[in-house]
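Peer 1: here's a sequence, model it:
(one chain, ligands or ions: 2)
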Amino acid sequence: MNAADLAFLARAVELAERGRGTAHPNPVVGAVVVRDGEVVGEGWHSRRGEPHAEPIALAAAGARAHGATIYVSLEPCTHHGRTPPCVDACSEAGVARVVAASLDPNPEVGGGPASLAAHGIAFEVAPHDSDAAVRARRQNEAWRTWIRHGRPFVTLKCAVTLDGRVAVPGRRWVSGPESRLLVHVLRAASDAVAAGMGTVRLENPRLDARDVPVARQPRRLAFGHGPLPAGSELELRSGPLAAELAALAAEDVQSLLLEGGPTLAAAFLEAGLVDKVMLFVAPVLAGSGPLLVGPLGAPLDLTRLEARRVGADILLTAYVNEP
Ligand code: AOF
Ligand code: ZN
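Peer 2: Ligands and ions are numbered 1, 2, ... in the order given. Purely as a prediction, here's the structure:
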């Protein structure tokens with residue numbers, strides 16, 4: 001796989017984003033058909049029940065798909081689901097080679113590489129740590145966890161001080177206004193948002209997305225034991241965490257943003273139910289007060305730590321479980 005291959009994969013990943021918001025609960029997927037180094041067709045999956053990315057890109061390419069390479073952000077499917085198998089579409093169009101940025105974790109769909117080989121079509125997948133591969137897995141991180149593990153992808157979000165505390169004595173907020181606005185963007189992009197009953201009793205949060213464009217408000221949950229404060233519109237979830245997450249997944253909740261409190265954070269971490277951590281670190285030393293997570297039984301290693309500036313704060317992102 002050369003630099004041109006990786007660049008066309010990057011384009012497929014970019015096209016996939018056009019299905020963001022509408023493809024749910026399906027993944028976002030993009031495809032690019034290339035003949036003699038030239039793009040001859042592009043497509044993306046826009047809605048469940050409508051064609052997958054490959055047949056759309058192949059239709060755009062027409063006869064030029066013959067002998068071409070198709071670049072896909074996700075391995076082509078082999079199953080007769082709501083639409084016919086994409087492997088068949090590639091074969092019928094005379095595609096010579098398929099290059100994928102990621103493999104499909106859906107047990108009902110897999111087997112793309114073997115099926116392509118049976119059709120005499122060459123298949124390659126991008127190196128695991130290449131930019132295109134990482135971005136392709138990340139853009140469907142919620143869906144990949146939901147389809148593989150039958151639970152939502154859980155992001156633990158927290159605002160902390162430089163000394164790792166979740167509150168500053170005498171102040172209402174830890175993080176700055178830009179960070180707080182970004183949290184509303186995260187809420188709007190999540191299927192569900194949750195806090196623990198400790199936080200709910202103290203702050204009676206609404207957990208809705210405000211002051212940002214919202215296509216659909218997330219479900220708003222409280223984990224723990226009631227009663228909810230008067231007027232709260234949160235859904236109380238009092239069962240064991242894993243069972244509650246499985247029940248939510250069955251209702252197409254693929255992503256859950258945990259706006260925790262140290263007790264809830266520790267409970268999710270100890271249960272192995274946190275996939276990603278997002279820490280808004282504010283330039284202040286609190287000097288006293290509760291820490292980010294309660295005591296953990298054992299240290300926990302995270303991967304792909306990244307930092308970016310948000311207003312006066314730094315947003316740190318890292319994975320516990322990479323999708
Ligand atoms: C592809 N290309 O563009 C997409 C794929 O219910 P269906 O028939 O739409 O199938 C959905 C499954 O197909 C989905 O869970 C995922 O495994 C795969 N999505 N595959 O070849 C696409 N969107
Ligand atoms: Zn398909």
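
Peer 1: where along this protein do the helices fall?
Peer 2: Counting by DSSP state H, the chain forms helices over residues 3-16, 53-61, 86-92, 112-118, 131-139, 141-149, 177-188, 197-203, 241-250, 262-270, given from the N-terminal end onward.

Peer 1: residue ranges of each domain in the chain, please.
Peer 2: Residue ranges for the structural domains of the chain, counted by automatic domain parsing, are given in the record as 3-139, 147-319.

Peer 1: from start to finish, how long is the longest one in a straight line?
Peer 2: I take that to be domain 147-319. From the first residue to the last, domain 147-319 extends over 18 Å; the measure is C-alpha to C-alpha, to the nearest Å.

Peer 1: so for ligand 2, which of the helices of the chain sits nearest?
Peer 2: helix 86-92 (3.2 Å; C-beta to the ion). C-betas here are computed from N, CA, C, even on glycine.

Peer 1: any buried residues in the closest one, and which?
Peer 2: Judged by neighbour count using 16 or more other C-beta atoms under 10 Å, the buried positions of helix 86-92 are Cys86, Val87, Asp88, Ala89, Cys90, Ser91.

Peer 1: same deal with stretch 60-76?
Peer 2: The neighbour-count criterion (16+ other C-beta under 10 Å) identifies 60-61, 64-65, 68-76 as the buried residues of stretch 60-76.

Peer 1: ends of that stretch, how far apart?
Peer 2: With C-alpha to C-alpha as the measure, the ends of stretch 60-76 fall 17 Å from one another.

Peer 1: ok, that stretch near ligand 1 or not?
Peer 2: Yes - counting by C-beta under 6 Å from any ligand atom, contacts between stretch 60-76 and ligand 1 involve Leu74, Pro76.

Peer 1: how far does that stretch sit from its chain's centre?
Peer 2: Once both centres are worked out by C-alpha atoms, centre = their mean, to the nearest Å, stretch 60-76 turns out to sit 26 Å from its chain's centre.

Peer 1: quick one: mean pLDDT for that stretch?
Peer 2: This predicted structure assigns stretch 60-76 an average pLDDT of 97.

Peer 1: just the closest residue of this protein to ligand 1, please.
Peer 2: When distances are taken as C-beta to the nearest ligand atom, the chain approaches ligand 1 most closely through Gly81, which lies 2.5 Å from it.

Peer 1: was I right about that residue contacting His52?
Peer 2: No - in terms of C-beta atoms under 8 Å, Gly81 does not count as a neighbour of His52; the distance is 9.1 Å.

Peer 1: show me where this protein has strands.
Peer 2: With DSSP state E, the ranges of strands along the chain come out as 30-35, 38-44, 69-72, 97-100, 122-125, 153-160, 192-196, 219-223, 235-237, 255-258, 276-281, 303-310, 313-319.

Peer 1: how about these, which one is nearest Val134?
Peer 2: Nearest of the strands of the chain to Val134, taken as C-beta to C-beta: strand 303-310 at 7.8 Å.

Peer 1: one step back: neighbour count winner among Gly81 and His52?
Peer 2: Using other C-beta atoms under 10 Å, the more surrounded residue of Gly81 and His52 is His52, with 26 against 15.
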